[in-house]
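Enquirer: Based on what follows, work out the 3D shape:
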Amino acid sequence: MELDAGICKDLDLSTGSVAGMTEYAHPITVARFIMEETNMVEMHGDRALKLMELYREVRRENLVTPPKLQRWAKMLAELGAGGGYLEKHHQKELRVLMEHPEYRRTPKIGTVGAVAVDSRGGTSAASATGGYWLKMPGRIGDTPAYGAGFYADRNGAATATGVGEYAVRLLISRSVAGRMKTGTAQHSVMAAFREFEGRFGKDNLGIIAVDRRGGVGVYHNTEGMGHAFKTGRDRKTTVRISVRQGGT
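Expert: Down below sits the predicted model:
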């Protein structure tokens, strides 16, 4: 299991990211340490954790649990029946997994992202993930990639989830933020999606964003993407768990 994370803020374009963590369940904490306590912006997981241990107490742990092993076994059994997600988006990787069983590892699945804007219009973004089931060991997607999985500047902030290899090619989060210079968060997300889908099709990406005025932007072309937002005006949290393609 390999975890990745990235975090940034617009004030000075500071950022930190970590990739390939195997013994610590909170990669975003390490990414923030890199951003705030070092002059680096990217580090390998094991080395980054050793560095952080010099200054903070770290509890290492085994991230592979019985439920994950059960799910892993099920996914392995389904490989020969079409491959599912891998067959659709990672055909070359699926071939390697079929031909070389030693590469079949047990990652966590899912990405968690967050964007925020403060009362002065300052923005920030963060993202963390364990990748997708049966991902190639050593593979790094968009999550720790500044500008792809997460990005924040004076226009706004955005974070993405989905097929990371596609998000990296278009630096999708930076693309959304750049559009917020003249448009709202929602309009910027939709404009970026039109370009993205023109190149890579659908059923592969989700984005959340916030502009410097506090406007929220959400869209996904996948079957579902849970998301929530809270504003300072009404102090209420709105939660949506979409089971269809769409946004706010």
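
Enquirer: Going by residue numbers, what spans are helices in this structure?
Expert: Under the criterion DSSP state H, the chain contains helices at 27-37, 45-53, 66-79, 85-89, 91-99, 164-170, 172-179, 185-200.

Enquirer: Lowest average pLDDT across the ones you listed?
Expert: Across those, helix 85-89 has the smallest mean pLDDT, namely a mean of 54.

Enquirer: mind checking how far Asn221 is from Ala192?
Expert: When Cβ to Cβ, to the nearest Å is the yardstick, Asn221 and Ala192 sit 12 Å from each other. In short, each C-beta sits where N, CA and C put it, glycine included.

Enquirer: out of these two, which sits in the more crowded spot?
Expert: Taking other Cβ atoms under 10 Å, Asn221 and Ala192 do not tie; Ala192 has more neighbours (27 against 20).

Enquirer: I figured that one hits Arg174, correct?
Expert: No: the criterion here is Cβ atoms under 8 Å, and Ala192 misses it with Arg174 at 9.6 Å.

Enquirer: Which residue comes closest to Met40 once chain neighbours are left out?
Expert: Among residues not flanking Met40 along the chain, Ile34 sits closest, at 5.8 Å (Cβ to Cβ, 6 or more residues apart in numbering).

Enquirer: ok, the residue nearest the centre of the chain to Ala5 distance?
Expert: Against the mean C-alpha coordinate of the chain, by Cα atoms, centre = their mean, the closest residue is Thr143 at 3.7 Å. Distance, Thr143 to Ala5, by Cβ to Cβ: 7 Å.

Enquirer: residues shared between the contacts of the two?
Expert: Common neighbours of Thr143 and Ala5, using Cβ atoms under 8 Å, 6 or more residues apart in numbering, are Ser127, Ala128, Thr129.

Enquirer: okay, those residues in CSV with pLDDT and distance to Asp211 next?
Expert: What follows is the shared contacts of Thr143 and Ala5, written out as CSV (pLDDT from 0 to 100; distance: Cβ to Cβ, whole Å):
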residue, pLDDT, distance to Asp211
Ser127, 97, 18
Ala128, 96, 23
Thr129, 91, 24
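
Enquirer: By neighbours, which of these wins?
Expert: Ser127 (32 neighbours).

Enquirer: Walk me through the domains of the protein.
Expert: Domain segmentation of the chain under automatic domain parsing yields 66-103, 108-247.

Enquirer: give me every residue that touches the closest residue to Val163 other than its chain neighbours.
Expert: Distances taken as Cβ to Cβ, 6+ apart put Asn204 closest to Val163, at 4.4 Å, once the chain neighbours are dropped. With contacts defined as Cβ under 8 Å, 6+ apart, the neighbours of Asn204 are His89, Gly162, Val163, Tyr166, Asn221, Thr222.

Enquirer: okay, those residues in CSV with distance to Gly113 next?
Expert: As requested, those are exported to CSV (distance: Cβ to Cβ, whole Å):
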residue, distance to Gly113
His89, 19
Gly162, 11
Val163, 15
Tyr166, 16
Asn221, 16
Thr222, 14
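
Enquirer: Return the member of the residues you listed nearest to Met52.
Expert: Gly162 (29.0 Å; Cβ to Cβ).

Enquirer: separation between the nearest residue to Gly20 once chain neighbours are set aside and Ala148?
Expert: Distances taken as Cβ to Cβ, 6+ apart place Gly45 nearest to Gly20, at 4.2 Å, with adjacent residues excluded. Gly45 sits 18 Å away from Ala148, going by Cβ to Cβ.
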